[in-house]
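Peer 1: Predicted model follows, preceded by the sequence.
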Amino acid sequence: MQVLVSPKYQIVIPKEIRTKIGIRKGQRMHISVKGKSIVLLPDKPIQSFRGILKDAKLQDSESQRGYK
């Protein structure tokens, strides 16, 4: 898929991609460079990460180092 860079260096993210990723109007994005590629990541509110570690088996840092 190709997009055109405007004279103001803007691009339009195609609807198919916006829908697939769930990008909304006015949403903030993180932009970075990886090699010669531009990476855009949607900014997600902290609430969207709630429960992500629910069933994770976590150890405290002292037990990982062998402390008692």
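Peer 2: The structure has been received and is ready for your questions.
Peer 1: okay, CA-based contacts and neighbour counts for the rest of this
Peer 2: Will do.
Peer 1: The top helix by length along the chain: how far from the chain's middle?
Peer 2: As assigned by DSSP state H, the longest helix anywhere in the chain is helix 15-21. Offset of helix 15-21 from its chain centre (CA atoms, centre = their mean, to the nearest Å): 14 Å.
Peer 1: what does stretch 1-18 give?
Peer 2: Here stretch 1-18 shows a centroid-to-chain-centroid distance of 18 Å under the convention CA atoms, centre = their mean.
Peer 1: Repeat that for stretch 14-32.
Peer 2: On CA atoms, centre = their mean, the centre of stretch 14-32 falls 10 Å from that of its chain.
Peer 1: Pull out the buried residues from that stretch.
Peer 2: For stretch 14-32, the neighbour count (16 or more other CA atoms under 10 Å) marks I23 as buried.
Peer 1: Going along the chain, name the strands of the chain.
Peer 2: Assigned by DSSP state E, the chain shows strands spanning 29-34, 37-42.
Peer 1: how about those in a markdown table, adding distance to I23 and mean pLDDT?
Peer 2: A markdown table is the format used below for the strands of the chain (distance: least, CA to CA, whole Å; pLDDT from 0 to 100):
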| stretch | distance to I23 | mean pLDDT |
| --- | --- | --- |
| strand 29-34 | 9 | 92 |
| strand 37-42 | 7 | 90 |
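Peer 1: re the thing from before, would you mind writing the CA trace of the longest helix of the chain as CSV?
Peer 2: In CSV, the C-alpha atoms belonging to helix 15-21 read as follows (Å, rounded to 0.1, in the frame of the first residue of the first chain):
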residue,chain,number,x,y,z
LYS,A,15,-9.0,3.6,6.3
GLU,A,16,-8.3,-0.2,6.2
ILE,A,17,-5.3,0.3,8.5
ARG,A,18,-7.0,2.8,10.8
THR,A,19,-9.9,0.4,11.3
LYS,A,20,-7.6,-2.6,11.9
ILE,A,21,-5.5,-0.9,14.5
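Peer 1: Perfect, I'm done here.
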